[in-house]
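Enquirer: give me a 3D structure for the following:
(one chain, ligands or ions: 1)
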Amino acid sequence: MKEVAAGGAGVSPCAACKLLRRRCSPGCVFAPYFPSGEPHRFASVHKVFGASNISKLLQEIPAEHRGDAVSSLVYEANARVRDPIYGCVGAITSLQRQVESLQTQLALAQAEMVRLRMANAYGTARHGRNGGGSTASGSPSSMSSPTKTADHHDMAVDQSGVMELELECSRFWSF
Ligand SMILES: [Zn+2]
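Expert: Numbering: from 1, shown residues only. Below you'll find the model as predicted:
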């Protein structure tokens with residue numbers, strides 16, 4: 001790494017020193033992270049944060065973390081150049097909305113899964129009881145009305161989500 005920086009000083013300055021029109025010294029703090037072949041990276045961070053702030057920031061960070069710091073600075077600077085109002089906060093907010101939306105979808109899918117399992121369990125239990133008590137003539141009509149009521153409640157679950165489902169479950173087992 002030192003060899004590259006030293007070579008950069010001799011042959012061509014790093015992207016930062018080139019833009020700042022200064023001599024690139026062998027110990028240049030920018031040289032390892034802003035090679036001369038990628039001038040746009042330094043141009044963005046210089047425009048947004050300023051060269052002296054970046055220099056100070058890098059010197060305060062242990063050398064092994066400076067590469068990651070430069071990557072995040074470049075990302076933040078590019079986002080700010082693209083979107084002067086929100087910068088990378090715009091991207092974060094958009095992703096947070098996506099996460100919330102997906103969590104809602106997941107909760108609804110899980111609620112639907114529980115509903116189907118319970119409907120299945122109820123149906124199995126009902127068929128078992130029907131098979132046992134086939135002699136009673138009045139039972140088919142009396143059995144059909146709770147089923148209709150349950151279906152009606154199922155519709156409500158589809159519309160208004162998890163809280164309704166919990167209510168539905170408690171009603172379900174009371175039959
Ligand atoms: Zn330099």
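
Enquirer: so which bits of the chain are right by the ion?
Expert: 14, 17, 24, 28, 30, 31 (Cβ under 5 Å from the ion). From N, CA and C alone the C-beta is placed, and that goes for glycine too.

Enquirer: can you flag which of these belong to helices?
Expert: residue 17 (DSSP state H).

Enquirer: ok, residue 79 - contacts?
Expert: The neighbours of residue 79, taking Cβ atoms under 8 Å, 6 or more residues apart in numbering as the test, are 87, 88, 90, 91.

Enquirer: ok, and the most crowded of the residues you listed?
Expert: residue 87 (18 neighbours; other Cβ atoms under 10 Å).

Enquirer: do you know the pLDDT at the residue nearest to it when sequence neighbours are not counted?
Expert: Leaving aside its chain neighbours, residue 87 sits nearest to residue 80 (4.0 Å; criterion: Cβ to Cβ, 6 or more residues apart in numbering). pLDDT for residue 80: 96.

Enquirer: now residue 127
Expert: 74.

Enquirer: quick one: the helices in the protein, in order.
Expert: 2-10, 15-20, 39-49, 51-60, 63-82, 87-132, 139-160, 162-174.

Enquirer: pick out the shakiest of those, pLDDT-wise.
Expert: helix 2-10 - the lowest mean pLDDT of the helices of the chain, at a mean of 42.

Enquirer: please parse the protein into its domains.
Expert: Following automatic domain parsing, one finds the domains of the chain at 2-82, 101-119+143-175.

Enquirer: for residue 23, what are phi and psi?
Expert: Per-residue torsions, residue 23: phi -70, psi 130 (degrees, to the nearest 10).

Enquirer: how many neighbours does it have?
Expert: For residue 23, using other Cβ under 10 Å, the count is 9.

Enquirer: pLDDT value on it, please?
Expert: 95.

Enquirer: my guess is it contacts residue 14. True?
Expert: No - proximity of residue 23 to residue 14 does not meet the contact threshold set by Cβ atoms under 8 Å, at 10.8 Å.
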